[in-house]
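Undergrad: Give me a model of this one.
(chains A, B, C and D)
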Amino acid sequence: MDIIDQGQGTLFADPDPDKAREFFRAKNRKMENKVMNLKDAITKYVHDGDYLAIGGFGANRTPVAACHEIVRQGRKNMGFAGHTATHDMEILSAGEIYNRLDVAYVVGLEARGLSPCSRSYLESGKVKVTEWTNYSLTARLKAAAMGVPYVPIRNIMGTDTLKYSAAKTTKCPYTGKKVVLMPALYPDVSIIHVHEADVFGNSKFRGIAVSDLDLANATRRLIITTERLIRHDEITINPSLTRIPYILVDAVCEVPFGAYPGTMPYEYFSDEDHLREWMAVEKDHEKFKEFLSRNIFDCKDHDEYIARNGGPKKMRELRAKELLLHKEV
Amino acid sequence: MDIIDQGQGTLFADPDPDKAREFFRAKNRKMENKVMNLKDAITKYVHDGDYLAIGGFGANRTPVAACHEIVRQGRKNMGFAGHTATHDMEILSAGEIYNRLDVAYVVGLEARGLSPCSRSYLESGKVKVTEWTNYSLTARLKAAAMGVPYVPIRNIMGTDTLKYSAAKTTKCPYTGKKVVLMPALYPDVSIIHVHEADVFGNSKFRGIAVSDLDLANATRRLIITTERLIRHDEITINPSLTRIPYILVDAVCEVPFGAYPGTMPYEYFSDEDHLREWMAVEKDHEKFKEFLSRNIFDCKDHDEYIARNGGPKKMRELRAKELLLHKEV
Amino acid sequence: MTEYTEIEMMICVAARELENGATVGVGTGAPCAASMLAQKTSAPDLVIIFEAGGICPELPEMPISVGDSRTFYKAAMAGSMGDTMEACSRGLVDYTFLGGAQIDMYGNLNSTIIGTDHQKPKVRLPGSGGANDFASFCWRMMVITPQDKRRFVEKLDFRTTPGWLEGGNSRDESGLPLGSGPYKIITNMAVMDFEPETKRMRVISINQGYSLTDVQENCGFELLTASNMVETLPPQENELHILREEVDPYRYVIGR
Amino acid sequence: MTEYTEIEMMICVAARELENGATVGVGTGAPCAASMLAQKTSAPDLVIIFEAGGICPELPEMPISVGDSRTFYKAAMAGSMGDTMEACSRGLVDYTFLGGAQIDMYGNLNSTIIGTDHQKPKVRLPGSGGANDFASFCWRMMVITPQDKRRFVEKLDFRTTPGWLEGGNSRDESGLPLGSGPYKIITNMAVMDFEPETKRMRVISINQGYSLTDVQENCGFELLTASNMVETLPPQENELHILREEVDPYRYVIGR
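TA: Model (predicted):
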């Protein structure tokens, strides 16, 4: 196969589908109770050096509690998929848990501005970076979900994004057109936050899926954090609503407000004050250390983090905001 | 790109994504009322010579009424995607509406047996056939949905299914593994039957999706037949349930029992007696002609077909069967 | 002695091959009956997957179609064909049962045409459907089929679905996923596997009432025989009871 | 004369480029404001699409994220990133608005790094996000950006997102979808398009209060000029009223 062009970036995850198949062959298929606390799930399934991917979209339906726990447990040398990684990236950068990064969108928090912490970590030279785009990473997950080594798409050609990626340009044998091959991305472990899951891991969520369906398929190990556990018969009564089937899931952790301070659609809006506080405090090393102690290291769990940041009253306010109740006058 | 192996079958649809893009560029994007009767929709959007694909799965959530109307209007020389085509294929074969066929699964009605009519039409030599598999056709639709000329998968290698397909085997430049490239399939027109749609074409259905989400994206023109029209605000109140967005849709036709005599999940089970009658009567040319007159050519529309085959009482029986009410004792 | 029919025999033998906690991609008929029987006997945690999208249903009765509403009744998920086939392609599905009009000594199957002219066949059969997909992707492919010379042929009229291809290493070299392939062939007369080096079909057990000669005489190619060939354990009382009373009370499959 | 700010000016000018019934893939900030303004003025049937999956929402207020719950409020569909990007790739999306730290004369954009060492950049920027995707796939890419020499540069530090690449036919030859490319660049001083042959940036209208000299002096490369260069129509009373009262009453965007 003639390679017309290729990126010089490093491929941080092996796209070989047969190696992935060997892993999936050994994966448990039984519908068993997988409920555990988040601490144990992170201990058991997230290891130093693993390649990690995070569901949701930056600060939307993002498993923030899991990101805190990863930092609290001090994971290091991980690979990370920066697939519109905003507040999740900010947390993981604070812990310097990764040293290999696939970039689509990083260091920014969209309209909110940039994270000084994420930014200086990436400017430090401590992180090996390969460039992609949001859709490129989606396509890489799709290739893994399909159990193939790559899928062809039609972006990034002609840019430095290709040059610093690990993609390859070839010619389509049907049309003679150039396509760029996105190598399959099989993360070692991923975490997805959902509205509802049963004890086996059958999961439902509302709102946009972002890339989570392909991510759930692509990842070797999957931790689900859920706002609520539900009875299994709430799954089986309408299996059309299942977004992630139990067979993909290794652990189910019930974490109410698990996406806070991000948005959980139909549940609570993002806490913009707290997100601003994060970005502001990052500018002062000492203050940031103190802030991280208060909000992550000295918190036993996410319940305590919520309690320290306004507790039930704040959650009710964010719910009202999410539901746009201020418009109902 | 080195071709290791390739099928000798004919490609019945152009996989060129730029030609598809030109079509989609001109496609109406406005959220307009697209309700029309089925007769007009078939007249307007299904043309002699077009490449046709049918949603659902054989006799499950299949737009049977639309298949009847195509035969009633006497379409000819069409291409057809035989993607687990069972009762739909049987109807279309009775009308000899196609002369080019991509085969995944045809002539059979699964556990029910074979259709003599479909079979003899394919044995007549009047139909040009290219071989695929169910997943190959799904992958071809996925490639079209993605706007790329092909996707690689890992089946059919080493078989005559590849030899009589139009697929090509190449080597993956990342892993050195062989993959078989499935050329994009952009049907000219497709019909999908759903439970509920608004007047713009935003559609919801329950149960398995089969390949209909990719099909809806891949096809140039799309007719939705729906059990019921619903108010637009039933879509917007929970847009997570929209399976097909209006922007893909050209016509919306309200056709209650539109999948009869097939199954519509949660609504009515298949009429096995009537399906058996179809297969039995096909063995006798004269009887079959008479049967087709009674059930298709002499019927004004699907309402009349339903009335001639048991009407409301039969529909209630099939609903009870679908809901397994006989088990509730 | 318990009475049983040959189809009951094959279903019971097939069911035993499915270990608890495995995944199986099935079609309608005997494969589905075997999987349901396994769930109700030795493999309560067997996970059934249908190609059209039904994942882990509680089958209330025998489905007529692999896409009918029974295939996702009380399921874990009513997904899509992509969901199922992608799961198979990723290696999440252990077993599949297939059939065909013809099978050769390497377990390749024909369900496309009888005759030699593809564009004008003597007999047009349904084609691959999901068979080639399942056989390409699932780890272990099994076949339940009557044993006769017209089915077990030296040369297929059309190789629809991959077995061990030309035997030896040919399957691994073909590009199909590594380590997958035909596993057991279950007929009314015997159970066969494949000799590990040549990948040729090999008799490993013979059903009550038949001899190796019967098996070979009803096969169009030379069969290998295992050194420790045994008699197939016939259907047991409890297997037959569950098959007849719970799995297929309306005799959709066992009444054929 | 009506008073307005430069950001208000740019949003009003951008909004007018979106014809009724078109589709637009937008980000947060000015692009979203321009699209919302267009919906409330000349393009009531403009269809807004967000990269994370929101398709045709009724935006109740300015989103903070292109994936927040406002982006699929009362939407036709809350889909996925794949749904959006595939629609763009198939040619269903007409317009997109992008930005960047640097832009060159062919409309290529940099939002990745400032500096030359990619592994240890002087300034790390967010990267492509969906910008490269939208610019590759959508038919017409537009940019809303302040005009200054540090942004409008001779040579990008990093070409994140494709414009007309090296000009001429280079984009068509690159493999990117045919017929797509940069369309208009809207700044506080002028509106530019691209000369059809060379694909170089060309001034087509100049905003009130600025001269061609101002525009050229705040640009790091030589600008072409259209033969029929005009004065940009300034924001109209009704545009400003709707922008201020309905589109962005909390001044999230226009208050910056």
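Undergrad: For the rest of this, base every contact and every neighbour count on C-alpha atoms.
TA: Noted.
Undergrad: What residues does chain A have near chain C?
TA: A:17-18, A:20-22, A:24-25, A:27-31, A:144-148, A:202, A:217, A:233, A:235-246 (C-alpha under 8 Å from any C-alpha of the partner chain).
Undergrad: filter the residues you listed to the buried ones?
TA: For the residues of chain A next to chain C, a burial check counting by 16 or more other C-alpha atoms under 10 Å in any protein chain shown picks out A:17-18, A:20-21, A:24-25, A:27-31, A:144-148, A:202, A:217, A:235-236, A:238-246.
Undergrad: Would you map the helices across the stretch 151-256 of chain C?
TA: C:170-174, C:212-217, C:237-242 (DSSP state H, counting those that start in this stretch).
Undergrad: Could you list the low-pLDDT ranges of chain C?
TA: Along chain C, the parts satisfying pLDDT under 70 run over C:1.
Undergrad: tell me which parts of the stretch 151-256 of chain C are close to chain B?
TA: Checking the stretch 151-256 of chain C against chain B by C-alpha under 8 Å from any C-alpha, the hits are C:Phe158, C:Arg159, C:Thr160, C:Thr161, C:Pro162, C:Leu165, C:Arg171, C:Ser174, C:Gly175, C:Leu176, C:Pro177.
Undergrad: ok, now which ones touch the second one?
TA: Right, C:Arg159. Neighbouring residues of C:Arg159 by C-alpha atoms under 8 Å, 6 or more residues apart in numbering or on different chains: B:Thr159, B:Asp160, B:Thr161, C:Asn108, C:Leu109, C:Asn110, C:Thr112.
Undergrad: OK, contacts around A:Thr226?
TA: Neighbour list for A:Thr226: A:His193, A:Val194, A:His195, A:Glu196, A:Ala197, A:Val252, A:Cys253, A:Glu254, A:Val255, A:Pro256, A:Gly258 [criterion: C-alpha under 8 Å, 6+ apart].
Undergrad: So which residues of chain A form strands?
TA: Residue ranges of the strands in chain A, as given by DSSP state E, are A:5-6, A:51-54, A:78-82, A:98-103, A:128-131, A:150-153, A:168-171, A:178-183, A:189-197, A:203-204, A:221-229, A:251-254.
Undergrad: The fourth one: partners in the sheet, and parallel or antiparallel?
TA: I take that to be strand A:98-103. Take DSSP bridges as the rule and strand A:98-103 pairs in its sheet with strand A:78-82 (parallel), strand A:128-131 (parallel).
Undergrad: contacts for that strand?
TA: A:12, A:76-83, A:92, A:126-133, D:127.
Undergrad: Can you show me the CA trace of that strand as PDB?
TA: What follows is strand A:98-103, C-alpha atoms only, in PDB (Å, rounded to 0.1, in the frame of the first residue of the first chain):
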ATOM      1  CA  TYR A  98      -0.100  11.500  32.100                       C
ATOM      2  CA  ASN A  99       3.100  11.900  30.000                       C
ATOM      3  CA  ARG A 100       1.700  10.900  26.600                       C
ATOM      4  CA  LEU A 101      -1.100  12.900  25.100                       C
ATOM      5  CA  ASP A 102      -3.200  12.500  21.900                       C
ATOM      6  CA  VAL A 103      -4.400  16.100  21.400                       C
END
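Undergrad: just curious, which of the residues of the stretch 151-256 of chain C next to chain B is nearest to chain D?
TA: C:Pro177 (26.4 Å; C-alpha to the nearest C-alpha).
Undergrad: if we can go back for a sec, got a markdown table for the residues of the stretch 151-256 of chain C next to chain B, with distance to A:Leu185 too?
TA: Shown next, in a markdown table, are these (distance: C-alpha to C-alpha, whole Å):
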| residue | distance to A:Leu185 |
| --- | --- |
| C:Phe158 | 37 |
| C:Arg159 | 33 |
| C:Thr160 | 32 |
| C:Thr161 | 29 |
| C:Pro162 | 28 |
| C:Leu165 | 31 |
| C:Arg171 | 26 |
| C:Ser174 | 24 |
| C:Gly175 | 20 |
| C:Leu176 | 20 |
| C:Pro177 | 18 |
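Undergrad: Neighbour-wise, which one of the residues you listed leads?
TA: C:Thr161 (36 neighbours; other C-alpha atoms under 10 Å in any protein chain shown).
Undergrad: Please verify my assumption that that one contacts C:Asp104.
TA: No. Counting by C-alpha atoms under 8 Å, C:Thr161 sits too far from C:Asp104 to count as a contact (10.9 Å).
Undergrad: that older thread, filter the residues of chain A next to chain C down to the ones in helices?
TA: The helices, defined by DSSP state H, take in A:17-18, A:20-22, A:24-25, A:144-145, A:217, A:233, A:235-236 from these.
Undergrad: State the pair within these that is farthest apart.
TA: A:Asp18 and A:Asp233 (35.6 Å; C-alpha to C-alpha).
Undergrad: and A:Val329, what pLDDT?
TA: You'll see A:Val329 listed with a pLDDT of 82.
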